[in-house]
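Colleague: need coordinates for the below:
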Amino acid sequence: MHHPFTPLPTVNSEKAITLALSLAQAENAINAFTSGQVDAILDSEGNTYLLRPAQRRLRHKQKNMEAVMDATPDVITVIDRGGVILSQSHAAGRVLGYIANELVGSKFFERVHQDDLTAAYYAFFDVIEGFSETATAQFRHLKRDGSWCEVEATVGRLDDGDSKCVVFNLRNHPTSTER
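Modeller: Predicted coordinates for the structure are as follows:
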C-alpha cells in the first residue's frame with residue numbers, strides 16, 4: 001500500500017527519512033491496533049499502553065451520552081462556527097417534526113424566524129467568541145410542517161481541539177402559543 005508523505009522542510013535529509021519511516025511505523029502500529037491485531041503499544045522507552053480497555057471505556061461513555069441525548073425532551077443541536085448543523089437529538093422529531101439528524105449539513109439560522117434572528121445570533125456569537133460560558137435566547141424555530149414553534153434556548157460552547165462548536169439546547173417556551 002503506497003502512502004504519500006508530504007515533504008518536510010529540512011536541511012538534513014537523513015532526519016527527514018528517519019521521520020518518514022517513523023510515520024510509516026506509527027501508521028502500521030495504528031492499523032494493527034484498529035484491526036485488532038494488537039492490544040497494546042510499547043514505546044521506545046519501554047512504557048506499555050493498554051489500549052483496548054481505554055477504547056472500551058470510551059465507547060461505553062459515548063453510548064451513555066447518546067442515550068442521554070436520545071432520552072432528553074429538549075432538542076440538542078450542535079452547530080459549527082459557520083452555523084452549520086453537525087448533529088441533532090431525537091427530540092427534534094417530538095418538538096419540531098424533524099427526524100434526528102435530518103437537518104445535519106444545513107444552516108441552523110435558516111430556520112430561525114427573521115424577526116428573531118438578532119436574539120439567536122447574539123447568543124451564538126456571545127458564546128462562540130468566548131464572551132460568555134452560556135447564553136439564553138427566545139426565538140421562533142421553523143417546524144417541518146411550516147409552522148413556527150416558540151423555543152427557549154440555552155447555548156453553550158464545545159471545544160473539540162482546534163474547532164469550536166456551539167450547542168443549542170432548545171425546549172418549547174413555557175408561554176408558547178404556536179403560530
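
Colleague: can you pull out the helices in the protein?
Modeller: Assigned by DSSP state H, the helices in the chain fall at 13-34, 52-71, 91-96, 117-128.

Colleague: weakest of the ones you listed in terms of mean pLDDT?
Modeller: Note on the helices of the chain: lowest mean pLDDT is at helix 13-34, with a mean of 62.

Colleague: how close does residue 63 sit to residue 87?
Modeller: Residue 63 sits 15 Å away from residue 87, going by C-beta to C-beta, to the nearest Å. The C-beta positions use only the backbone N, C-alpha and C, and glycine is treated the same way.

Colleague: which one's more surrounded, the two?
Modeller: Under the criterion of other C-beta atoms under 10 Å, the comparison of residue 63 against residue 87 puts residue 87 first, with 15 against 10.

Colleague: got a list of what the residue lying closest to the more buried one once chain neighbours are set aside touches?
Modeller: Closest residue in space to residue 87, ignoring its immediate chain neighbours: residue 78 at 4.7 Å, by C-beta to C-beta, 6 or more residues apart in numbering. Residues near residue 78 by C-beta atoms under 8 Å, 6 or more residues apart in numbering: 85, 86, 87, 88, 158, 165, 166, 167, 168.

Colleague: between those residues, which is nearest residue 110?
Modeller: For those, the residue nearest residue 110 by C-beta to C-beta is residue 85; the value is 9.8 Å.

Colleague: rounded mean pLDDT for the lengthiest strand in the chain, please.
Modeller: Ranked by number of residues, the top strand in the chain under DSSP state E is strand 148-160. Averaged across strand 148-160, the pLDDT comes to 89.
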